[in-house]
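Chemist: sequence first, predicted model second:
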Number of protein chains: 2
Amino acid sequence: MAWFRSLIQVSAIARSSLIKPRSKNTFHIAPTPLFGIAPFSSEPTLETQTQSVTQFSGLGPTKTGDKPRVVVLGTGWAGCRFMKGLDTKIYDVVCVSPRNHMVFTPLLASTCVGTLEFRSVAEPIGRIQPTISQDPGSYFFLSKCIGIDTDEHVVQCETVADGANTLDPWQFKLSYDKLVIALGAEALTFGIHGVKEYGIFLREVHHAQEIRRKLLLNLMLSDVPGISKEEKSRLLHCVVVGGGPTGVEFSGELSDFIIKDVRQRYAHVKDYIHVTLIEANEILSSFDDRLRRYATNQLTKSGVRLVRGIVKDVKAQKIILNDGTEVPYGLLVWSTGVGPSPFVKSLEFPKAPGGRIGIDEWLRVPSVEDVYAIGDCGGFLESTGKPVLPALAQVAERQGKYLAELFNKIGEAGGGHANSAKDVDYGKPFVYKHLGSMASVGSFKALVDLRQSKETKGLSLAGFVSWFIWRSAYLTRVISWRNRFYVATNWATTFVFGRDISRI
Amino acid sequence: MAWFRSLIQVSAIARSSLIKPRSKNTFHIAPTPLFGIAPFSSEPTLETQTQSVTQFSGLGPTKTGDKPRVVVLGTGWAGCRFMKGLDTKIYDVVCVSPRNHMVFTPLLASTCVGTLEFRSVAEPIGRIQPTISQDPGSYFFLSKCIGIDTDEHVVQCETVADGANTLDPWQFKLSYDKLVIALGAEALTFGIHGVKEYGIFLREVHHAQEIRRKLLLNLMLSDVPGISKEEKSRLLHCVVVGGGPTGVEFSGELSDFIIKDVRQRYAHVKDYIHVTLIEANEILSSFDDRLRRYATNQLTKSGVRLVRGIVKDVKAQKIILNDGTEVPYGLLVWSTGVGPSPFVKSLEFPKAPGGRIGIDEWLRVPSVEDVYAIGDCGGFLESTGKPVLPALAQVAERQGKYLAELFNKIGEAGGGHANSAKDVDYGKPFVYKHLGSMASVGSFKALVDLRQSKETKGLSLAGFVSWFIWRSAYLTRVISWRNRFYVATNWATTFVFGRDISRI
């Protein structure tokens, strides 16, 4: 019971050494033994009522005989690609995330207008890494991480239930041999008031569902007697803020939907619906000028109004720009880039420029043992002399793949367990090679920019051919065959029968 | 402006002659002209704040030159089948419903466990009757009917927004030449406390979505450290109340899901999940004894616990039976049959046994002109000497088909407009011929009972063959080719890749 003794110490020193959100009262020391399943009390204790925590337990450290345990925080591109590549004969994998699936973000915009089904862009973890919830030592926990104790190699988690069940959330702890932080980033609002309240982001499936429900609701309500022309125009004014790939692709999909489906199915209101894309600088700033001009023409041609402006304030039915212009809207989609989440900010690790978790060339968090950060939540430390990589699926996917291979190598060399990888040769550091950027602009047109960076020369395409490349590229990137099949079917049916407009 | 003058009278006499819910203050006389689009005021008026009604307008009566207007209340089997069959060269059709799609109820149970996609069982009205929202005189209004004025041939409606938008609901009126009431029925709770609060019905797509989300949430939470064996068993105890086709099919689907997917994907908790079907009498009481016995064996074999009992009370985490037994549950699905909705009850029409709207052999509401009732909300008056038909999709579908043909006939004979069908020969009355009942019991087994009624002799099948009949029968019944294609695809993919378990 050496591991048990060592854990009694956790409770003693935890308060001092715990890297946790700076807000108080997030870390509770339980009187009961910290690990092993503690009895569940259905009557809420005083603690429950005050902190909605029922009790405390978890998974203790692995013994030398056991497989080493890798704890992965997050189920985005980075975390999922890592779990997919990890050799589960060497490691037990425990994944902690409030989401049991990966979202295939590049196609999310298509689901809002019914081009694709929601199911087609969501990949359950169980398919990405089948051993999870099957192997005795591998788990998926529907929870969020609320604290990391790097000295003791312990993470603290709390269950999430989004109000759907009758259980209070409770906390538990996981000992890790290796920790992979892949918590991603969160949408930036630049502190503009009302964005979170009235705008919808486009990062999760439930965002797409909300956009879809609202769009169809507005289309139907605007046809009901007793509504004025002004109100009709407001309801059917879809405003997209942010001219990055997401904003542009959503605008493109939306104008496709309007041209192909609304005009036919909502004939009475077709003249009232409009799309406006608001961007402070230039749209698709990462693409080359020719492509940018092409995108601008394409969007304008398909009826998207491009507005150069900075949003100052967001109210329930209108946006106010810096120059005082008031823009009434019925649907507001906000996609102005991403930044580190409050939890990532709160972690007391060395930080890379922009507040991301600082990592070295091997994606390690240098200040501590056995902790790695990949995807949008991590960035190279200035000391590495490397730039912080853009928050792209492409980067996250490549880092996940690299880290899985590194872990397998370390594991084979016997460095899998906690504090045992010091003498292992880590081999080549991670090098990112940009494969180019793609963006659809609607009506069977897309941009493909195959240059290494903004500066270098290289191939760039626009039009139907690149649209085709775009689609097939995504089709082969969708992780499981099941979803490849679904996406292909969806595209085919949409092409033949039009988009789905049932509001469910 | 004769029609306009006639409408000023509406406001004068409406209060007296309006057949409306008995509750007070549901009918407001507007100071502004009743019809034509009234100006919309974005500032909520006093009236808005008190009654959340912004203003009043609608569609006036058709003139002799116009097409006659058929107003259809509801988008269930009856209403949709009627609209599909109606000749829109003769009639303008205006549909009023809080739902813009028809739910293919027989397959709804399959969507809860991911065998089918939600989209596959929802058919947008626009596909069923394409002229809706396309023809100048045809509309779909996302609203509910709140009052019927049969003297003036006017229905009063109020928009629904399920809290998703920033508009207050408002009221409007529709003049009809013919009114088709197809409002369906609602789930019976027998006044048992807690059913509406804690149980989930299986009548709408959002019910299926709720069941699915809850089932997956419970599966995942029960795997998290810190939960006791008792609590785990409770979370994973799925209780179905009501042994009719819906309850049995859902239990079957659920046990399939457990056997084929949970055992493999949630290996840690597979021994804790159980399904219990509670029925006061016999399951599938409408089927013949042999089939009933077969179903019982089949369900028991696949692990469904059949309990004979009457529910007395429903609490947040347990059901209490009449004999005092307490049944803890994590998921409660309630399907104990249907009865007339409060609005249908409140209408001052002659009633059939069981509180449905009384109709004659031609599905007319005899006491008034140009009003018809079809589907679960209507029933033959005792005076007709016919029995009230069971609340089956089959009946509703047949009545919708019959009424559409009757309307087309009346329309061709020039009786389409209000009060003008008196001398038209209505021809043959509606006669219902039962085509038999079907129910799936899971694991590729189903029952098919082809007898005319419980008494008569006739063919009855059970097993794989009838399961195949069941599936193909439904496949050909799904209304659009698009959905036939989708259902087939879903079944194929589920068969090959297993069910979808992403919780979105």
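Modeler: Right, received. Where do you want to start?

Chemist: and the angle for the helix or strand harbouring A:Arg212 with helix B:205-221?
Modeler: Assigned by DSSP states H and E, A:Arg212 belongs to helix A:205-221. Using axes from the mean of the first three to the mean of the last three CA atoms, to 10 degrees, the direction of helix A:205-221 lies 170 degrees away from that of helix B:205-221.

Chemist: any regions of chain A where pLDDT drops low?
Modeler: A:1-56, A:162-166, A:454-455, A:474, A:477-479, A:501, A:504 (pLDDT under 70).

Chemist: how's it carved up into domains?
Modeler: Per automatic domain parsing, the structural domains of chain A span A:2-56, A:69-185+A:339-412, A:187-337+A:435-497.

Chemist: starting at the chain centroid, how far to the last one?
Modeler: How far domain A:187-337+A:435-497 lies from its chain's middle: 18 Å, per CA atoms, centre = their mean, to the nearest Å.

Chemist: ends of that domain, how far apart?
Modeler: Taking CA to CA, to the nearest Å, the first and last residues of domain A:187-337+A:435-497 lie 35 Å apart.

Chemist: so which bits of the helix holding A:Arg212 are buried?
Modeler: The neighbour-count check on helix A:205-221 (16 or more other CB atoms under 10 Å in any protein chain shown) flags A:205, A:207-221 as buried. Backbone N, C-alpha and C define where each C-beta goes, glycine included.

Chemist: can you list contacts of that helix?
Modeler: Around helix A:205-221, the neighbours that count as contacts under CB atoms under 8 Å, 6 or more residues apart in numbering or on different chains are A:101, A:103, A:108-109, A:111-114, A:118, A:121-122, A:200-202, A:227, A:235-236, A:238, A:262, A:266, A:269, A:273, A:330-331, A:333, A:501, A:503, B:100, B:140-142, B:159, B:161-162, B:164-165, B:167, B:504.

Chemist: before we move on, back to that, please identify the deepest-packed of the domains of chain A.
Modeler: domain A:69-185+A:339-412 (a mean of 22; mean count of other CB atoms under 10 Å in any protein chain shown).

Chemist: wait, does it contact chain B?
Modeler: Yes. Applying CB under 8 Å from any CB of the partner chain, one finds domain A:69-185+A:339-412 touching chain B at A:99-101, A:117-119, A:122-124, A:126, A:133-136, A:139-143, A:159, A:161-162, A:164-167, A:170-172.

Chemist: quickly list what the nearest residue to A:Gly199 once chain neighbours are set aside is bridged to.
Modeler: Spatial nearest neighbour of A:Gly199, excluding adjacent residues (CB to CB, 6 or more residues apart in numbering or on different chains): A:Trp334 at 3.8 Å. Beta-bridge partners of A:Trp334, counted by DSSP bridges, are A:Val241.

Chemist: mind checking which of the contacts of helix A:205-221 land in strands?
Modeler: Counting by DSSP state E, the contacts of helix A:205-221 place A:101, A:103, A:122, A:238, A:331, A:333, B:140-142, B:159 in strands.

Chemist: distance of the closest residue to chain B within the stretch 301-450 of chain A from A:His206?
Modeler: Across the stretch 301-450 of chain A, no residue is closer to chain B than A:Ala316, which sits at 5.0 Å (CB to the nearest CB). The span separating A:Ala316 from A:His206 equals 21 Å under the rule CB to CB, to the nearest Å.

Chemist: next: A:Arg293.
Modeler: As judged by CB to CB, A:Arg293 and A:His206 stand 35 Å apart.

Chemist: tell me which residues touch A:Arg451, please.
Modeler: Neighbours of A:Arg451 in contact, by CB under 8 Å, 6+ apart: A:288, A:434, A:436, A:457-460.

Chemist: need the residues of the stretch 201-350 of chain A near chain B, please.
Modeler: Going by CB under 8 Å from any CB, the residues of the stretch 201-350 of chain A near chain B are A:205-206, A:209, A:213-214, A:216-218, A:220-221, A:223-228, A:230-231, A:235, A:264-268, A:316-317, A:330.

Chemist: got the contact list for stretch A:263-271?
Modeler: By CB under 8 Å, 6+ apart, stretch A:263-271 touches A:219, A:222-223, A:232, A:236, A:258, A:262, A:273, A:498, A:501, B:126, B:133-136, B:139.

Chemist: residue contacts, A:Val180?
Modeler: By CB under 8 Å, 6+ apart, the contact list for A:Val180 reads A:70-73, A:79, A:82, A:372-374, A:403.

Chemist: can you name the residues bridging to it?
Modeler: Beta-bridge pairing of A:Val180 under DSSP bridges involves A:Val72, A:Tyr372.

Chemist: quick one: distance of the top helix by length along chain A to the chain centre.
Modeler: Identified as the longest helix of chain A according to DSSP state H is helix A:393-412. Distance of helix A:393-412 from its chain centroid, counting by CA atoms, centre = their mean, is 18 Å.

Chemist: what helices or strands is that helix leaning on?
Modeler: helix A:77-85 (3 or more CB pairs under 8 Å, 6 or more residues apart in numbering or on different chains; DSSP states H and E).

Chemist: try 10 Å this time
Modeler: strand A:69-73, helix A:77-85, strand A:178-181, strand A:371-373, strand A:378-380, helix A:464-477 (3 or more CB pairs under 10 Å, 6 or more residues apart in numbering or on different chains; DSSP states H and E).

Chemist: export the ones you listed to CSV and tack on distance to A:Gly411?
Modeler: Shown next, in CSV, are the helices and strands packed on helix A:393-412 (distance: least, CB to CB, whole Å):
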stretch, distance to A:Gly411
strand A:69-73, 9
helix A:77-85, 12
strand A:178-181, 9
strand A:371-373, 14
strand A:378-380, 21
helix A:464-477, 27
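
Chemist: would you mind saying which of the ones you listed lies nearest B:His193?
Modeler: Comparing the helices and strands packed on helix A:393-412 against B:His193 with CB to CB, the closest turns out to be strand A:69-73 (43.1 Å).

Chemist: and the helices in the stretch 201-350 of chain A, which stretches?
Modeler: If DSSP state H, counting those that start in this stretch is used as the criterion, the helices of the stretch 201-350 of chain A fall at A:205-221, A:229-235, A:245-257, A:263-265, A:289-301, A:342-346.

Chemist: B:Arg482 is nearest to which of those helices?
Modeler: Proximity to B:Arg482 (CB to CB) singles out helix A:263-265 among the helices of the stretch 201-350 of chain A, at 13.5 Å.

Chemist: residue of the stretch 151-300 of chain A with the smallest distance to chain B?
Modeler: A:Ser228 (3.2 Å).

Chemist: need phi/psi at that residue.
Modeler: Per-residue torsions, A:Ser228: phi -80, psi 160 (degrees, to the nearest 10).

Chemist: that one and A:Val262, how far apart?
Modeler: 20 Å.

Chemist: please apply the same query to A:Leu450.
Modeler: Taking CB to CB, one finds A:Leu450 at 35 Å from A:Val262.

Chemist: cool, A:Glu123 as well?
Modeler: Here the distance between A:Glu123 and A:Val262 works out to 30 Å (CB to CB).

Chemist: next one: A:Pro98
Modeler: Taking CB to CB, one finds A:Pro98 at 35 Å from A:Val262.

Chemist: so A:Phe464 touches A:Gly442, yeah?
Modeler: No. With contacts counted by CB atoms under 10 Å, A:Phe464 stays clear of A:Gly442, the gap being 12.0 Å.

Chemist: A:Ser502 touches B:Phe140, doesn't it?
Modeler: No. Applying CB under 10 Å, one finds A:Ser502 not in contact with B:Phe140, separated by 12.0 Å.
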